[in-house]
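Student: okay, predicted coordinates and the sequence, questions at the end:
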Amino acid sequence: MAYPDDLRYSREHEWVRVDGSRATIGITSFAADELGDIVFVELPEVGTTLTQFAAFGVVESVKAVSDLYSPISGEVLETNDALRETPELLNADAYGEGWIARVELADTDQLDALMDAAAYAEETT
C-alpha cells in the first residue's frame with residue numbers, strides 16, 4: 001500500500017498534513033481498511049484543544065469501535081461535518097474528502113515524533 005509523501009503518520013494510524021500553522025488530521029487508508037465499513041464518527045468540538053497522542057474522538061465500523069488519537073497538539077478550528085451523514089468517506093477517500101479535523105498547530109516540533117510515508121509503510125507491513 002502506498003501512502004502520500006506530504007503527510008506525517010502516527011503509530012495509531014492517524015495522519016497530519018501541515019499547511020503553515022494549520023494542520024488537517026485524518027485516519028490512514030490502512031486503518032480504514034482494517035476497520036472495514038465505517039458507520040459512525042464522533043468528531044471533536046470546534047474550540048477543543050487536542051493533545052498529541054491523546055484520544056479525541058471515536059470511529060465505529062461494522063467490525064469494531066476505535067478511539068481516534070491526535071497526531072499533534074492544537075486547537076480545533078473546523079471539523080468535517082460531512083462525516084456525520086457520510087462516515088464512509090473515511091473508507092472511500094481517507095486522504096481527501098475523509099479528513100476529520102483542522103487545527104491550529106501548537107508546536108511544530110511535535111512533527112518530529114511522527115513517521116514519514118516510508119517509515120509508516122514499513123510499520124504496516
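Tutor: Structure's in. What do you need? None of the values given here were measured: they were computed from a predicted structure.
Student: so what pairs up with the residue minimising distance to the centre of the chain in the strands?
Tutor: Nearest residue to the geometric centre of the chain (CA atoms, centre = their mean): G26, 2.3 Å. Taking DSSP bridges as the rule, G26 bridges to W15.
Student: how close does it sit to L83?
Tutor: Distance, G26 to L83, by CB to CB, to the nearest Å: 10 Å. (Glycine included, C-beta is placed from N, CA and C.)
Student: spit out the residues that contact the two alike.
Tutor: Counting by CB atoms under 8 Å, 6 or more residues apart in numbering, the contacts common to G26 and L83 are 90, 98, 100.
Student: which one of these is nearest G74?
Tutor: G74 has its nearest neighbour among these in I100, at 13.0 Å by CB to CB.
Student: A31 is in contact with the closest one, correct?
Tutor: No. Counting by CB atoms under 8 Å, I100 sits too far from A31 to count as a contact (11.3 Å).
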